[in-house]
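S.K.: give me coordinates for this.
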Amino acid sequence: MLSFFSDLVIVNPEDFSKQTVDALEDQINAKYADKVVYNIGLCICLFDIIKVSEGKVGHGSGSAHINVQFRLIVFRPFKGEVMTGRISSSSQNGINVRTEFFDEIFIPHTYLFDGMSFDLKENVWIWNNDGNQFYMDKNELIRFRIEDEVFEDQLPVTPHVQIDCMEIERKPPYRVIASAQQAGMGLVAWWEEEAEQR
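M.R.: This next block holds a predicted model:
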C-alpha cells in the first residue's frame, strides 16, 4: 500500500552534485527503507515525491534542510488477506513464517487445523486428516490468512537500565498474526496434489 509522509530531509554538501530529486530519494530511502514506522507498517521504498519546499542552508554544517511530502510503499497486509511464505521454525506455541522481505509472521497453534499435533522429536506440526498424516516441515511453502497485527513501541533504553535488562528480549516492532485452518490454507503442496488427483 502507499502511505503519505511529510518530513524535513537534510541533504549534506557532498550530495549537492547530484540532481535534487536523486539526493532527496537517497536520503528518504536511507531513513525509511526496511524500517517499521509505528502504526504504519514496514516501509519498503520511496514511491514518489509530491511536494518540495525551497531548501535552507543550516549554519555550521552547510547542509540543505528541505521540507518534503512523499509517498512510500509500505507492507501492511489487511485482515483477511491471503498470503504465502515459508515455514522458518515450529514450536509447541505455533509456526513462524517468513516471506522474502519480512520474518515476523506467526501462526498460533489455536489458529491451525483441527486434528493438528506437534511432534517434539521432529519439531514439526502434523495434520491428521482422514487417517493420513501431513507434515508441515521447515522451509515448506505455506498459505495463510492474516488475522491481526501487533505494533510494539520501540522506546530507547538508557544505558544504566540496559545493563540491568540484558536478559530481557526485545519484541519486534511489527508482527503479523495469521491462521491456517480453512480449506486451501496450509502447505501449498497439499492442495496442488489434491487438484492433480481430480
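S.K.: as a check, name the ranges of all strands in the protein.
M.R.: For the chain, strands defined by DSSP state E occupy the ranges 2-11, 35-37, 41-52, 56-57, 64-75, 82-91, 94-98, 105-108, 116-119, 124-129, 132-136, 141-151, 174-179, 186-187.
S.K.: in CSV: the ones you listed, plus distance to Thr20.
M.R.: For every residue, glycine as well, the C-beta is placed using N, CA and C. As requested, the strands of the chain are arranged in CSV below (distance: least, CB to CB, whole Å):
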stretch, distance to Thr20
strand 2-11, 8
strand 35-37, 23
strand 41-52, 7
strand 56-57, 14
strand 64-75, 8
strand 82-91, 37
strand 94-98, 37
strand 105-108, 38
strand 116-119, 56
strand 124-129, 53
strand 132-136, 51
strand 141-151, 34
strand 174-179, 32
strand 186-187, 50
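S.K.: mind putting those into TSV with mean neighbour count, mean pLDDT and distance to Ala23?
M.R.: As requested, those are exported to TSV (neighbours: other CB atoms under 10 Å; pLDDT from 0 to 100; distance: least, CB to CB, whole Å):
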stretch	mean neighbour count	mean pLDDT	distance to Ala23
strand 2-11	14	94	5
strand 35-37	17	94	20
strand 41-52	16	95	11
strand 56-57	12	88	14
strand 64-75	17	95	8
strand 82-91	15	96	35
strand 94-98	21	96	34
strand 105-108	21	96	35
strand 116-119	16	92	53
strand 124-129	17	89	50
strand 132-136	14	88	48
strand 141-151	17	96	31
strand 174-179	21	96	29
strand 186-187	22	89	47
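S.K.: what residues are up against Asn96?
M.R.: For Asn96, the contact set (CB atoms under 8 Å, 6 or more residues apart in numbering) comprises Ile87, Ser88, Ser89, Ser90, Asp103, Ile105, Phe106, Ile107.
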